[in-house]
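Novice: when you get a sec, could you give me coordinates for this:
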Amino acid sequence: MQMTTTEAHQNASLRVTPKAPKKERHGAKLDRLRRYLRGGHYLIDRTQPLTLQNLKTQTLIAEEVGLRSSADVSLLVRREFPEVATVLSERDAAEYHPAPKKDRLLRYIASGGHLRDPLGELTASNLRTQREIADELGMTQMLVSYHIRQHAPAVAAVMASRRWYDAADRA
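Specialist: Prediction:
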């Protein structure tokens, strides 16, 4: 018995495999996170008030919602849930991550190692370059620059006023 073209097409349409599920849009994940936060699911015990001890970590919230990292949780909480953000900001991440290079640099500056003559004054001619300091301490120049600006503003001001070249060198 011969099958007509129409019958063949009808049979073929019945045997079509189901489509793969569509990848969820990022906006849908953020909407799910908003619903999660509005529902108070960020609390470990929802009968207790919002405190640091009763708040889930951002990483755990991201896992429960289905996000890849806690960065989206942090951004959304800071933008739309300020009361949760204030409690999250009390959790100090730096407490668990010591900064040995920063500490080494601050000890170096306190001992006068940033000066060419440790007994001399803090002047542009007596100040080592950021590159020299970085090479001596085993750091990058950018990290030296960042920490000096943050923790030694007097040294940073002298470094900023330093001229790259002399007017006599240009002639």
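
Novice: quick check: which element contains residue 146?
Specialist: Using DSSP states H and E, the element containing residue 146 is helix 141-151.

Novice: residue 9 too?
Specialist: Counting by DSSP H and E, residue 9 is part of helix 5-14.

Novice: and the helix holding residue 146, average pLDDT?
Specialist: Helix 141-151 shows a mean pLDDT of 92 in the predicted model.

Novice: ok, back up a step: restricting to C-alpha, output the helix holding residue 9 in CSV.
Specialist: What follows is helix 5-14, C-alpha atoms only, in CSV (Å, rounded to 0.1, in the frame of the first residue of the first chain):
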residue,chain,number,x,y,z
THR,A,5,2.6,12.7,0.6
THR,A,6,0.1,14.3,2.9
GLU,A,7,0.0,11.1,5.0
ALA,A,8,3.8,11.0,5.1
HIS,A,9,3.9,14.6,6.3
GLN,A,10,1.3,13.9,9.0
ASN,A,11,3.1,10.9,10.3
ALA,A,12,6.4,12.8,10.3
SER,A,13,4.9,15.6,12.4
LEU,A,14,3.8,13.0,15.0
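
Novice: identify the residues contacting that helix?
Specialist: residue 3 (Cβ atoms under 8 Å, 6 or more residues apart in numbering). Where C-beta positions appear, they are placed from N, C-alpha and C, glycine not excepted.

Novice: for it, buried residues please.
Specialist: Buried residues in helix 5-14, counted by 16 or more other Cβ atoms under 10 Å: none are found.
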